[in-house]
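Undergrad: Sequence plus the predicted model coming up.
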Amino acid sequence: MLEKSIQRDIQRYVYCKDNNVPPYEGGYDKQPALWIDRYFTIKSAFAKLEKAQINKVNKDGTRKN
């Protein structure tokens with residue numbers, strides 16, 4: 001189970017991505033460094049998950065043919 005703070009960061013990431021808004025007021029240079037580190041960690045984790053899902057679909061699709 002993920003910690004509540006991590007869950008909030010993931011929710012913030014998804015909300016900001018979906019709505020094209022910054023997580024905090026101001027531009028990139030005004031965002032907290034900790035948030036930027038977390039952002040790139042979350043982004044990387046989602047990319048790995050998406051890649052794994054694509055690979056699974058491709059693998060499953062080739063078995064059925």
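TA: Perfect, I can see it now. Everything quoted here is computed from the prediction, not taken from an experiment.

Undergrad: any weak-confidence spans in this structure?
TA: 1, 62-65 (pLDDT under 70).

Undergrad: Mind jotting down where the strands sit in it?
TA: Along the chain, no segments are classed as strands by DSSP state E.

Undergrad: distance between the longest helix belonging to it and the chain's centre?
TA: Secondary structure of the chain per DSSP state H: the longest helix is helix 33-64. Counting by Cα atoms, centre = their mean, to the nearest Å, helix 33-64 is centred 9 Å from the centre of its parent chain.

Undergrad: do the same with stretch 12-27
TA: Its chain's average C-alpha position is 12 Å from that of stretch 12-27, according to Cα atoms, centre = their mean.

Undergrad: Just the CA atoms of that stretch, as CSV, please.
TA: Taking Å, rounded to 0.1, in the frame of the first residue of the first chain, the C-alpha atoms of stretch 12-27 are listed here in CSV:
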residue,chain,number,x,y,z
ARG,A,12,-1.4,15.9,-8.1
TYR,A,13,0.7,14.7,-11.1
VAL,A,14,-2.3,13.2,-12.9
TYR,A,15,-4.5,16.3,-12.2
CYS,A,16,-1.8,18.7,-13.5
LYS,A,17,-1.1,16.5,-16.5
ASP,A,18,-4.8,16.1,-17.4
ASN,A,19,-5.6,19.8,-16.9
ASN,A,20,-2.3,21.3,-18.1
VAL,A,21,-1.8,23.3,-14.9
PRO,A,22,1.3,23.7,-12.7
PRO,A,23,1.1,22.0,-9.3
TYR,A,24,2.1,25.2,-7.5
GLU,A,25,1.8,28.9,-8.5
GLY,A,26,4.4,30.2,-10.9
GLY,A,27,6.4,28.7,-13.7
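
Undergrad: Apart from its neighbours in sequence, what residue is nearest residue 24?
TA: Once flanking residues are discounted, residue 24 sits nearest to residue 31: 5.5 Å by Cβ to Cβ, 6 or more residues apart in numbering. For glycine as for every other residue, the C-beta is placed from the backbone atoms N, C-alpha and C.
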